[in-house]
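**Q** Predicted coordinates and the sequence they were generated for:
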Amino acid sequence: MEITGGCLCKAVRYTVTAEPVTARICWCRVCQFLGAGGPTVNVCFPADAVTISGVLRDFAATADSGNRMHRKFCPACGTAVSSAAESRPHLVFLRAGTLDDPEVARPAMTIWTAAAPSWACIDERLPAVAAQPPAAQLSGR
């Protein structure tokens, strides 16, 4: 399996050689900034299966979960591409909007629903977690 994607201007491209571990819709306040007021959809992969070409800028900050996060974006077009927690270097989350085939990003849950605004559209068919869920687990690794 090969999953591909990249930023809007195509200066950054990536290839993933593994199935997604999980995909989540996130309503944390940081994701609301990244998502222009809405949530982000993030697809988790084993970090060693992701190859990124092109230059990314890193914005490092401590998340509401307490994790030190590195959010990377294209400095040319501003597209948010990935995020990773220092506490889980074996995982990387790619933004669903950057996937060449967005069908790969079928969310398994919605997280940080307690931070969502009252007008948020939250899919009742998906499990919902008020804040940070347990870390995604790699199967067979």
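**A** Sure, I can see it. If you're wondering where the values come from, they're calculated on a predicted model, not measured in any experiment. Numbers count the residues shown, from 1 in each chain.
**Q** Can you find the helix or strand of this protein with the lowest average pLDDT?
**A** Sorting the helices and strands of the chain by mean pLDDT, DSSP states H and E puts helix 29-34 at the bottom, at a mean of 91.
**Q** buried stuff in whichever helix or strand comes after that one?
**A** Next helix or strand after helix 29-34 toward the C-terminus (DSSP states H and E): strand 40-46. For strand 40-46, burial by neighbour count (16 or more other C-beta atoms under 10 Å) applies to Thr40, Val41, Asn42, Val43, Cys44, Phe45, Pro46. From N, CA and C alone the C-beta is placed, and that goes for glycine too.
**Q** Check stretch 132-141 too.
**A** Residues of stretch 132-141 classed as buried under the neighbour-count rule (16+ other C-beta under 10 Å) are Pro133, Ala136, Leu138.
**Q** pLDDT value on the second one, please?
**A** Confidence at Ala136, expressed as pLDDT, is 74.
**Q** Could you report the separation of it from Val50?
**A** Plainly put, Ala136 is 14 Å away from Val50 if you go by C-beta to C-beta, to the nearest Å.
**Q** Same question for the last one.
**A** Leu138 is 13 Å from Val50, where distance means C-beta to C-beta.
**Q** what about this structure, any weak spots by pLDDT?
**A** For the chain, the stretches with pLDDT under 70 are 139-141.
**Q** sorry, back to before: which residues do Leu138 and Val50 both contact?
**A** Contact with both Leu138 and Val50 is made by no residue, according to C-beta atoms under 8 Å, 6 or more residues apart in numbering.
**Q** Check the protein and tell me which residue is nearest its centre.
**A** Asn42 (2.8 Å; C-alpha atoms, centre = their mean).
**Q** I'd say that one and Ala96 touch.
**A** Yes - the pair formed by Asn42 and Ala96 meets the contact definition of C-beta atoms under 8 Å, at 6.8 Å.
**Q** hey, what's in contact with both of these two?
**A** Common neighbours of Asn42 and Ala96 (C-beta under 8 Å, 6+ apart) are Ala23.
**Q** residues touching the closest residue to Thr40 other than its chain neighbours, list them.
**A** Leaving out its chain neighbours, the residue that sits closest to Thr40 by C-beta to C-beta, 6 or more residues apart in numbering is Cys31, at 4.1 Å. Contacts of Cys31 were listed using C-beta under 8 Å, 6+ apart, and they are Pro39, Thr40, Asn42, Trp112.
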